[in-house]
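Enquirer: attaching a predicted model along with its sequence, questions to come.
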Amino acid sequence: MAIGNFDGVHRGHLEIVRRLLERAREVGGPAIVFTFDPHPVRILRPEQSPPPLTWTERKAELLAAHGVYMVVAYHTDEALLQLTAQEFFDKIVVGALDAQAMVEGPNFYFGHNREGNVALLEQLTSAAGLTLDVVPPVSIGGELVSSSRIRALIAAGDVATAGQLLSAPYRIRGMVTHGSGRGSSIGFPTANLQGIDTLLPKPGVYAGRAMVQSILYPAAINLGPNPTFGESALKVEIHLLDYHDSLYGQPLEVEFLAHLRDVTTFAGPAALVDQLQQDIKRTREIAAQGLAVEQS
């Protein structure tokens with residue numbers, strides 16, 4: 001088993017998963033990831049809790065795609081947070097899951113007040129007859145791959161680089177609600193997303209894809225206000241290419257492939273339409289490139 005938040009399921013996490021699968025084959029058991037829902041920081045220090053990169057179901061989906069047999073999303077409560085490191089190991093690792101091997105990163109902490117670290121875990125696993133692998137961090141571009149690094153890239157709008165560090169393009173989800181209808185009036189209907197529970201990139205126009213009934217459609221994404229029409233409210237508007245049915249009242253998952261441009265005030269609707277046509281052309285090209293990479 002491997003224990004951790006696995007927020008974003010990035011390439012550093014995949015190295016842990018790779019070693020986890022090796023150990024699972026050796027001991028003849030399932031490869032299990034134990035994670036927390038919500039992250040303990042959201043309960044202990046909510047003002048310091050960063051917005052997550054993935055929701056629990058998406059995290060499980062990504063881990064399963066790379067061979068993890070089961071994800072245990074343990075509901076974080078006060079009882080769990082009060083367990084000492086020894087109690088956590090005895091009750092969860094040995095008692096509940098009967099682990100035979102553990103795989104962790106070097107910055108792993110567990111137990112009340114994060115009192116347990118890798119050194120203590122080595123002692124506990126050795127005494128219990130478990131093997132322990134400590135997987136070194138992964139570096140890309142001369143920097144460590146981490147959820148905080150990816151979070152900073154997304155907040156800055158660099159979703160393309162973030163996607164290179166993640167195991168899949170960055171994705172959000174929300175419910176499609178009725179908007180002002182402005183997009184339809186100029187020939188570019190949009191699905192307006194609300195209730196998004198993960199980090200949003202900075203305002204701008206992005207090329208991406210939207211998933212409808214397990215099919216990914218190219219999508220131009222506008223994130224921010226619409227200053228051309230005097231609107232200042234932050235919106236998340238998705239224009240799906242090649243899809244024309246209603247999406248109102250449905251959940252929608254949207255992934256970001258590339259930042260196209262910043263939010264701009266245009267002279268009028270005609271100038272905006274010209275730019276939107278260019279945005280859609282670039283979106284189609286970028287989405288096709290992404291599909292070609294996935295199929296290669």
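Expert: Happy to help now that I have it.
Enquirer: pLDDT below threshold where in this structure?
Expert: Residues of the chain that meet the criterion pLDDT under 70 lie in 179-187, 227-232, 291-296.
Enquirer: you'd agree residue 235 is in a strand?
Expert: Yes. Secondary structure of residue 235 (DSSP: H, G, I helix; E, B strand; the rest coil): part of a strand.
Enquirer: and the helices in the stretch 1-150 of the chain, which stretches?
Expert: Using DSSP state H, counting those that start in this stretch, the helices found in the stretch 1-150 of the chain span residues 11-27, 40-44, 56-65, 78-81, 85-88, 118-128, 147-155.
Enquirer: what's the closest of the ones you listed to residue 101?
Expert: Closest to residue 101 of the helices of the stretch 1-150 of the chain is helix 11-27 (CB to CB; 4.2 Å). Every C-beta, even on glycine, is put in place using the N, C-alpha and C of the backbone.
Enquirer: mind checking the SS state of residue 263?
Expert: Residue 263 carries the three-state label coil when classified by three-state DSSP.
Enquirer: just the one 3 residues further on next, same as before
Expert: With three-state DSSP as the basis, the three-state label of residue 266 is coil.
Enquirer: what count of nearby residues applies to it?
Expert: 16 (other CB atoms under 10 Å).
Enquirer: thought it was touching residue 272?
Expert: Yes. Taking CB atoms under 8 Å as the definition, residue 266 is a contact partner of residue 272 at 4.4 Å.
Enquirer: what distance do you get for residue 214 to residue 98?
Expert: 35 Å (CB to CB, to the nearest Å).
Enquirer: neighbour count winner among the two?
Expert: residue 98 (9 against 5).
Enquirer: can you report phi and psi for the more buried one?
Expert: phi 50, psi 50 (degrees, to the nearest 10).
Enquirer: do you know how far it is from residue 275?
Expert: For residue 98, the distance to residue 275 equals 59 Å [CB to CB].
Enquirer: tell me the contacts of residue 64?
Expert: Residue 64 is in contact with residue 71, counting by CB atoms under 8 Å, 6 or more residues apart in numbering.
Enquirer: residues in contact with residue 263?
Expert: So, once contact is read as CB under 8 Å, 6+ apart, residue 263 ends up touching 203, 204, 205, 222, 224, 225, 227.
Enquirer: break this protein down into its domains, please.
Expert: Domain ranges of the chain: 2-140, 169-295, per automatic domain parsing.
Enquirer: what's the neighbour count on residue 69?
Expert: Around residue 69 there are 14 residues (other CB under 10 Å).
Enquirer: phi first, then psi, for it.
Expert: phi -80, psi -40.
Enquirer: what residues are up against it?
Expert: Residue 69 neighbours (CB under 8 Å, 6+ apart): 24, 30, 31, 32.
Enquirer: one step back: what would the helices of the stretch 1-150 of the chain look like in a markdown table with distance to residue 162?
Expert: What follows is these, written out as a markdown table (distance: least, CB to CB, whole Å):
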| stretch | distance to residue 162 |
| --- | --- |
| helix 11-27 | 11 |
| helix 40-44 | 21 |
| helix 56-65 | 14 |
| helix 78-81 | 30 |
| helix 85-88 | 32 |
| helix 118-128 | 28 |
| helix 147-155 | 4 |
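Enquirer: closest to residue 140 out of these?
Expert: Of the helices of the stretch 1-150 of the chain, nearest to residue 140 by CB to CB is helix 11-27, at 6.6 Å.
Enquirer: packing partners of that closest one?
Expert: When contacts are defined as 3 or more CB pairs under 8 Å, 6 or more residues apart in numbering; DSSP states H and E, helix 11-27 packs onto strand 2-3, strand 101-104, strand 131-134.
Enquirer: okay, these in CSV with distance to residue 149 and mean neighbour count next?
Expert: Below are the helices and strands packed on helix 11-27 laid out as CSV (distance: least, CB to CB, whole Å; neighbours: other CB atoms under 10 Å):
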stretch, distance to residue 149, mean neighbour count
strand 2-3, 20, 26
strand 101-104, 19, 24
strand 131-134, 21, 16
